[in-house]
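[1] this one's sequence-less:
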């Protein structure tokens, strides 16, 4: 990932021996060929074409607004570029050029073990497709992947970091690999039901357990969202819609616990904005885009809470 992605003093962890980790070195990956899709923005309702292209080693994930004729139309997908987290994650560069709803495609790239990619868009929002990461995963598989000779550079969390907002909590704690736990109860709006999910995000587990989990919303909130200029493209084709605690979609849920799985999917996309894969355990309780970003900001605001660790030898996060 982008070596200079974290604007604080560079500091490396002492290398851990392969005898300690038992895991071989890992190298950065990108896709082989360009692949495209067409859809609409869930908030704008406007059509958009997105193309995934190979990225050079150490560049991370970079969005390019092809509809803007400017040398400043590149936006780095990074935690400190996040400027809005209302209903989605939005990033903006120093020239006020932005891209919204990036979390599902970023989750797909990270979940499929891709470290570097260029994401071209002819509009200001990533297409929502079916509301999950499934289409993006299919695109990545169609494109193929290739390794570079550049080692992966991880961010090792050294001590617990936690943020809270009301009853919502997000925390990172030290771990030898990336793991995720998510708890979700929608503040009682889903017939007082609650779900918990523990997830070890290997590529196989990501595709099987999270990639197809769709975004969701409440019918009772629709008028408020439309008045705010949001959800203009939302429909039963791309969103699980809940009315009075019941799912309105004719086909029902893809998983019995699809809500918490999608919250975990969002968290993977948001946490991938760290700029390098995390070696940590994430645990969230009703955590959303805003709190996920606050957690990364709290982590990097504490220099003693993290360090870089190159994959010589490596531990594995988001890898097969």
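    Looks like it arrived, so ask away. Since the structure is predicted, the reported quantities are computational estimates derived from the model, not experimental observations.
[2] so where do the helices sit in the chain?
    Secondary structure of the chain (DSSP state H): helices at 18-21, 103-111, 134-143, 203-205, 222-227, 258-271, 289-300.
[3] Of those, which is nearest residue 281?
    Nearest to residue 281 among these is helix 258-271 (11.3 Å), distances taken as Cβ to Cβ. Quick note: C-beta positions are derived from backbone N, CA and C, even for glycine.
[4] could you check the angle helix 103-111 makes with that closest one?
    Angle of helix 258-271 versus helix 103-111, following axes from the mean of the first three to the mean of the last three Cα atoms, to 10 degrees, is 70 degrees.
[5] In helix 258-271, which of the residues would be classed as buried?
    By 16 or more other Cβ atoms under 10 Å, the buried positions in helix 258-271 come out as 258-271.
[6] With stretch 86-93 instead?
    The neighbour-count check on stretch 86-93 (16+ other Cβ under 10 Å) flags 87-91, 93 as buried.
[7] now, which of the residues you listed lie within strands?
    Mapping these onto strands (DSSP state E) picks out 90-91.
[8] Tabulate the buried residues of helix 258-271 (JSON lines), appending pLDDT and distance to residue 123.
    Shown next, in JSON lines, are the buried residues of helix 258-271 (pLDDT from 0 to 100; distance: Cβ to Cβ, whole Å):
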{"residue": "258", "pLDDT": "98", "distance to residue 123": "28"}
{"residue": "259", "pLDDT": "97", "distance to residue 123": "28"}
{"residue": "260", "pLDDT": "98", "distance to residue 123": "31"}
{"residue": "261", "pLDDT": "98", "distance to residue 123": "28"}
{"residue": "262", "pLDDT": "98", "distance to residue 123": "23"}
{"residue": "263", "pLDDT": "98", "distance to residue 123": "26"}
{"residue": "264", "pLDDT": "98", "distance to residue 123": "27"}
{"residue": "265", "pLDDT": "98", "distance to residue 123": "23"}
{"residue": "266", "pLDDT": "98", "distance to residue 123": "21"}
{"residue": "267", "pLDDT": "98", "distance to residue 123": "25"}
{"residue": "268", "pLDDT": "97", "distance to residue 123": "24"}
{"residue": "269", "pLDDT": "98", "distance to residue 123": "19"}
{"residue": "270", "pLDDT": "98", "distance to residue 123": "22"}
{"residue": "271", "pLDDT": "98", "distance to residue 123": "25"}
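[9] And these, which is closest to residue 110?
    The closest of the buried residues of helix 258-271, once distances to residue 110 are taken by Cβ to Cβ, is residue 268, at 6.2 Å.
[10] Could you give the average pLDDT over stretch 73-92?
    Mean pLDDT, stretch 73-92: 97.
[11] who touches that stretch?
    2, 5, 7, 42-43, 60-66, 93, 97-103, 106, 119, 225, 230-231, 269-270, 272-275, 288-290, 292-293, 296-297, 300 (Cβ atoms under 8 Å, 6 or more residues apart in numbering).
[12] are any of those buried, and which?
    Here, 16+ other Cβ under 10 Å leaves 2, 5, 42-43, 60-65, 93, 97-103, 106, 119, 225, 230-231, 269-270, 272-275, 288-290, 292-293, 296, 300 buried among those.
[13] I'd like the average pLDDT over stretch 195-211.
    Mean per-residue pLDDT for stretch 195-211: 93.
[14] I'd like the helices of the chain as CSV, with distance to residue 55 appended.
    As requested, those are exported to CSV (distance: least, Cβ to Cβ, whole Å):
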stretch, distance to residue 55
helix 18-21, 27
helix 103-111, 10
helix 134-143, 12
helix 203-205, 18
helix 222-227, 34
helix 258-271, 17
helix 289-300, 21
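[15] Which among the ones you listed is found nearest to residue 178?
    Judged by Cβ to Cβ, the one of the helices of the chain that comes nearest to residue 178 is helix 258-271, at 8.3 Å.
[16] how near is residue 141 to residue 30?
    14 Å (Cβ to Cβ, to the nearest Å).
[17] Show the contacting residues for the nearest residue to residue 192 once chain neighbours are set aside.
    Spatial nearest neighbour of residue 192, excluding adjacent residues (Cβ to Cβ, 6 or more residues apart in numbering): residue 185 at 7.4 Å. By Cβ under 8 Å, 6+ apart, the residues touching residue 185 are 192-195, 286.
[18] hmm, try it at 10 Å
    By Cβ atoms under 10 Å, 6 or more residues apart in numbering, the contact list for residue 185 reads 167, 192-196, 259-260, 285-286.
[19] any chance of these in JSON lines, with distance to residue 181 too?
    Below are those laid out as JSON lines (distance: Cβ to Cβ, whole Å):
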{"residue": "167", "distance to residue 181": "16"}
{"residue": "192", "distance to residue 181": "21"}
{"residue": "193", "distance to residue 181": "18"}
{"residue": "194", "distance to residue 181": "13"}
{"residue": "195", "distance to residue 181": "11"}
{"residue": "196", "distance to residue 181": "7"}
{"residue": "259", "distance to residue 181": "15"}
{"residue": "260", "distance to residue 181": "10"}
{"residue": "285", "distance to residue 181": "9"}
{"residue": "286", "distance to residue 181": "13"}
